[in-house]
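Asks: got a structure for you, letters missing:
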């Protein structure tokens, strides 16, 4: 059964993959910056605080970003809902990670 808990854990594990890739290549933080810049042009008022939080975290550096990506609990779940790192994983990397994560969660 696909529960919110399973969906949240899938999201957290995928974020672990993103954090690992960012640690290997911190220049990929630029993807997050660019996504935030683009999304701010059309985001809703309710989304803006989440994007600003990520903008602040990126400004604090790699350790702050990676900690936020993998944080457990309610705050981690909320942050992952706005995380701006779409595009850090290639489509093939994301597909493989999702396959592995789903097989572990079943």
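Replies: Yep, that arrived. Predicted model, so just to flag it, every value in this text is computed and none were measured.
Asks: and the helices in the chain?
Replies: Along the chain, the segments classed as helices by DSSP state H run 4-24, 29-40, 48-60, 62-70, 73-80, 91-105.
Asks: pick the most deeply packed of those.
Replies: With neighbours taken as mean count of other Cβ atoms under 10 Å, these reach their highest mean count in helix 62-70, at a mean of 17. Just so you know, the C-beta spots here come from the backbone N, C-alpha and C atoms, and that holds for glycine as well.
Asks: in a markdown table: the helices of the chain, plus mean pLDDT.
Replies: As requested, the helices of the chain are exported to a markdown table (pLDDT from 0 to 100):
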| stretch | mean pLDDT |
| --- | --- |
| helix 4-24 | 95 |
| helix 29-40 | 97 |
| helix 48-60 | 97 |
| helix 62-70 | 98 |
| helix 73-80 | 94 |
| helix 91-105 | 94 |
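Asks: next, give phi and psi for the residue nearest to the spatial centre of the chain.
Replies: The centroid of the chain falls nearest to residue 83 when counting by Cα atoms, centre = their mean (4.1 Å). Backbone geometry at residue 83, expressed as degrees, to the nearest 10, gives phi -60, psi 130.
Asks: quick one, what contacts it?
Replies: Shown in contact with residue 83 (Cβ atoms under 8 Å, 6 or more residues apart in numbering): 15, 18, 32, 54, 68, 69.
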